[in-house]
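**Q** I need the structure of the sequence given here:
(one chain, ligands or ions: 2)
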Amino acid sequence: MAIIVRMVEIPKEFHEALPILQKIEAAGYEAYFVGGSVRDTILKRPIHDVDIATSAYPSEVKSLFKRTVDTGIEHGTVMILDHGTGYEVTTFRTESGYQDYRRPDKVTFVRSLKEDLKRRDFTINALALAEDGQITDLFGGLADIRKKIIRAVGDPNERFNEDALRMMRAVRFASQLDFRIEDATMAGIKKHSALLEKIAVERSHTEFVKMMLGVDAENGLNIMLETNLYQHVPVLKDYLPQLQEIVASKFHLTNEAQVWSLLAFKFGFSAKQISSFLKKWKTANKIINDVILTTELLFSIAKHDVSNADLYHAGAANVDNAVIVTADQAKTAGLQERYNNLPIKNKKQLRITGGDLIKRGVLKPSPQLGKVLDYLEHSVVAGKILNQPENLVNAAINFLNED
Ligand SMILES: Nc1ccn([C@@H]2O[C@H](COP(=O)(O)OP(=O)(O)OP(=O)(O)O)[C@@H](O)[C@H]2O)c(=O)n1
Ligand SMILES: [Mg+2]
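**A** Ligands and ions are numbered 1, 2, ... in the order given. Below you'll find the model as predicted:
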């Protein structure tokens, strides 16, 4: 049955898991490495999760090993802890139902590798690697990797109806791997783009961010526009001209905060708009905060008017973010150095405390105290007062006298 196209050397990331495959095979079943790790092996890309598929049923897998955990038993996944850090082994399966466009109503365990590979999303993800280095390629995945093509396994319409997230995965792989999406697959995405709305925002979020961080993100974003996928994720549909502008620019982002900051800046969003935008995308609060600070700094950079207070307020990480998003050395020259040379980086570095001011009799405990400390903080950052206890005390006294 198997069309064996190629032998590869088993990468070191798989070595620890080899005894698992050998044990399953010694018991008379089949076992393979599958999924993204096989694709990445051939592409010589770093391997993260190692997935194993087998013809043995979950109960049979469990009987072969001492320590197992039912991590996803209802869809056939058992984690094996006998060898190394723990590996997930999933029984070959077919899926049916998909009434909600995201998960099958029914999973059927099968003994045939072919049936298992047939239900996978793209040919490049439908390869199986045996313990001896043989690759089973039933759908032309190896040729597609060589030609840098993302092609649905079988009928793209069926694949996208089964799981609409796969449309975002296609775009993400196009960007991450610098691949082209094959015509029928592309047509399938155009036709079914609206199904993306059935998918939990968190899942689209993950794929969107991975896409924007890929080597060919401009192309990924462009495919979202061409296929109308952008109309079926939160907020983007109202900003086509701005998105086209981003597509036409060159950007190389390195973290999630930068992704959202680039969009928020181009969309001209205020802090309040950023917050509402990113809540719709279910973004973590820490990221929202960084995006607000980075975007504010981006506006100052665009106006060629960056004060020390702006840099101080943004903080080191967001100064770096703004420099990367701006992607124009002429506009950001010296900003990071200016940040590093700020007299203080946060309020705690002020060489006087509220308690000190009270002890020295500058003022009594009162709401005034906070105002005085804010004034000292801002004046030190602006370079108007030296961060030395005596200078700070004198400045506090003057401030109170003027007030
Ligand atoms: N919607 C999906 C998700 C996954 N898969 C299959 O399950 C494998 C593992 O899925 P996952 O780890 O989510 O993706 P990877 O392709 O491994 O990509 P990554 O490198 O990002 O993990 C995929 O390769 C693919 O064969 C699928 O057919 N449809
Ligand atoms: Mg994976």
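**Q** what's near enough to touch T295?
**A** T295 makes contact with 261, 264-265, 269, 271, 274, according to C-beta atoms under 8 Å, 6 or more residues apart in numbering. For the C-beta atoms, the positions are set from N, CA and C on the backbone; glycine is no exception.
**Q** pretty sure L363 is touching G370, no?
**A** No: taking contacts as C-beta atoms under 8 Å, L363 lies outside contact range of G370: 11.2 Å.
**Q** neighbour count: these two, which is higher?
**A** Between L363 and G370, counting by other C-beta atoms under 10 Å, L363 is the more crowded of the two (16 against 10).
**Q** of the contacts of T295 - the most surrounded one?
**A** S261 (30 neighbours).
**Q** quick check: phi and psi at it.
**A** Geometry field for S261 lists phi and psi as phi -70, psi -40, criterion degrees, to the nearest 10.
**Q** wait, what's in contact with the closest residue to it other than its chain neighbours?
**A** Nearest residue to S261 in three dimensions, chain neighbours excluded: T294, at 4.0 Å (C-beta to C-beta, 6 or more residues apart in numbering). For T294, the contacting residues are 257-258, 261, 314, 318, 321-322, 325, taking C-beta under 8 Å, 6+ apart as the criterion.
**Q** switch the cut-off to 7 Å
**A** 257, 261, 314, 318, 321-322, 325 (C-beta atoms under 7 Å, 6 or more residues apart in numbering).
**Q** can you check G76 too?
**A** When contacts are counted by C-beta under 7 Å, 6+ apart, G76 touches 58, 90-91, 93, 107, 109.
**Q** so which bits of stretch 19-34 are buried?
**A** Within stretch 19-34, the residues that qualify as buried by neighbour count (16 or more other C-beta atoms under 10 Å) are 20-21, 23-25, 29-34.
**Q** for stretch 28-40, the distance to its chain's centre please.
**A** Mean-position distance between stretch 28-40 and its chain equals 24 Å (C-alpha atoms, centre = their mean, to the nearest Å).
**Q** stretch 347-356 now?
**A** Between the mean C-alpha position of stretch 347-356 and that of its chain there is a distance of 39 Å (C-alpha atoms, centre = their mean).
**Q** and it, how far apart are its ends?
**A** Taking C-alpha to C-alpha, to the nearest Å, the span from the opening residue of stretch 347-356 to its closing residue is 14 Å.
**Q** so which residues of the stretch 51-200 of the chain form helices?
**A** Along the stretch 51-200 of the chain, the segments classed as helices by DSSP state H, counting those that start in this stretch run 58-64, 113-118, 141-147, 156-162, 165-177, 183-192.
**Q** tell me which of these sits most buried.
**A** With neighbours taken as mean count of other C-beta atoms under 10 Å, the helices of the stretch 51-200 of the chain reach their highest mean count in helix 165-177, at a mean of 25.
**Q** what does that one rub up against?
**A** For helix 165-177, contacts defined as C-beta under 7 Å, 6+ apart pick out 43, 102, 121-122, 150, 159-160, 179-181, 185, 189, 192-193, 196, 199, 203-204, 207-208, 210-211, 214-217, 219-220, 223-224, 229.
**Q** same check on stretch 260-270?
**A** Residues beyond stretch 260-270 that count as contacts (C-beta under 7 Å, 6+ apart) turn out to be 239, 242, 245-246, 251, 253, 274, 277-278, 283, 287, 291, 294-295, 298, 321, 325.
**Q** same thing with stretch 7-26?
**A** Residues from elsewhere that reach stretch 7-26, judged by C-beta under 7 Å, 6+ apart: 31, 33, 41-42, 47, 50, 52, 54, 56, 64, 80, 83-84, 87, 89, 129, 131, 133-135.
**Q** wait, does it contact ligand 1?
**A** No: contact between stretch 7-26 and ligand 1, assessed by C-beta under 6 Å from any ligand atom, is absent, since the two come no nearer than 12.3 Å.
**Q** am I right that I80 is in contact with F65?
**A** Yes: look at I80 against F65 with C-beta atoms under 7 Å: they come within range, at 5.0 Å.
**Q** between these two, which one's more packed in?
**A** Neighbour totals were compared for I80 and F65, and I80 leads with 25 against 17 (other C-beta under 10 Å).
**Q** any idea how far I47 is from ligand 1?
**A** Distance of I47 to ligand 1, given as C-beta to the nearest ligand atom, to the nearest Å: 8 Å.
**Q** is it true that that residue touches G35?
**A** No: counting by C-beta under 7 Å, I47 stays clear of G35, with 10.4 Å between them.
**Q** which non-adjacent residue is nearest the residue in the stretch 51-200 of the chain that ligand 2 sits nearest to?
**A** In the stretch 51-200 of the chain, no residue comes nearer to ligand 2 than D51, which is 6.3 Å away by C-beta to the ion. The shortest distance from D51 to any non-neighbouring residue, by C-beta to C-beta, 6+ apart, is to G35 (4.3 Å).
**Q** for the one you found, give me phi and psi.
**A** Comment: the main-chain dihedrals of G35 come out as phi 80, psi -150, following degrees, to the nearest 10.
**Q** pretty sure it contacts I52?
**A** No: contact criterion C-beta under 7 Å: G35 and I52 do not qualify, at 9.2 Å.
**Q** so between these two, which is more surrounded?
**A** A direct count of neighbours by other C-beta under 10 Å for G35 and I52 places I52 higher, at 25 against 21.
**Q** from A257, how far off is the more buried one?
**A** In this structure, I52 and A257 are 35 Å apart, going by C-beta to C-beta, to the nearest Å.
**Q** what does F109 give?
**A** From F109 over to A257 (counting by C-beta to C-beta), the distance is 43 Å.
**Q** no further questions, thank you.
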